[in-house]
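Dropping a prediction and its sequence here:
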Amino acid sequence: FTERNLQPSEGQWLTLRAWIRSVSLLSTVILFLVLFLFLLGQKLAYLREIIQGVDALRTHRLEDTIPLREANELTELAEHINFLSETERRLRQQEMALQAERERMIRDLSHDIRTPLTSIVGNTAAILENEDSFSPEQKRRLLEDVNEDAQWLIRMVENLLSITRMSGGQAKIEKDCEAA
């Protein structure tokens, strides 16, 4: 604009309009890019949390869970990973409970087997070491005790084998008190 003519010419108006359009378009593109990068950054941050959740699951830190955000595919993925983690945690607890039950059963079974075996060994050792000291009646009574304990052991082993065959190895044994 010159001092004499304060009115812009038609060409100047066209240039000004073109410049305003260019600035508007450029500012719109910049605003779009800023918003796009901001939203993309949020999605990538959530994706990093999901990856950390998968790493936690992979390293058996099953108490960790992935926070659930808005309803989208990433949240659905996080829900599935949390479900897998919870399922794995429950399975581990069940496995530990089964292991503890198995160890308890082995201890109980060892005790139940050891008692009649001790009696058998004691009675046969007494007969072998002191054969001449016992009357035929005493020997017979000791041998009857040995036979009774051996028969009890045979029944117990047969019962255990029958149970494991019927249940395919998933036996739950209920014991009854029995005089030895």
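Looks like it arrived, so ask away.

which secondary element of this structure has the worst mean pLDDT?
In the chain, no helix or strand scores lower on mean pLDDT, DSSP states H and E than helix 136-167, which sits at a mean of 87.

other SSEs contacting that helix?
helix 73-129 (3 or more C-beta pairs under 8 Å, 6 or more residues apart in numbering; DSSP states H and E). Every residue, glycine included, has its C-beta placed from N, CA and C.

D149 contacts R114, doesn't it?
No: if you go by C-beta atoms under 8 Å, D149 and R114 don't touch, sitting 11.3 Å apart.

about what we covered before: now do the buried residues in the least confident helix or strand of the chain.
Neighbour-count burial for helix 136-167, counted by 16 or more other C-beta atoms under 10 Å, picks out 139, 142, 145-146, 149, 152-153, 156.

if I look at the residue lying closest to T124 once chain neighbours are set aside, how far off is A126?
Leaving aside its sequence neighbours, T124 sits nearest to V146 (C-beta to C-beta, 6 or more residues apart in numbering; 6.0 Å). Distance of V146 to A126, computed by C-beta to C-beta, to the nearest Å: 10 Å.
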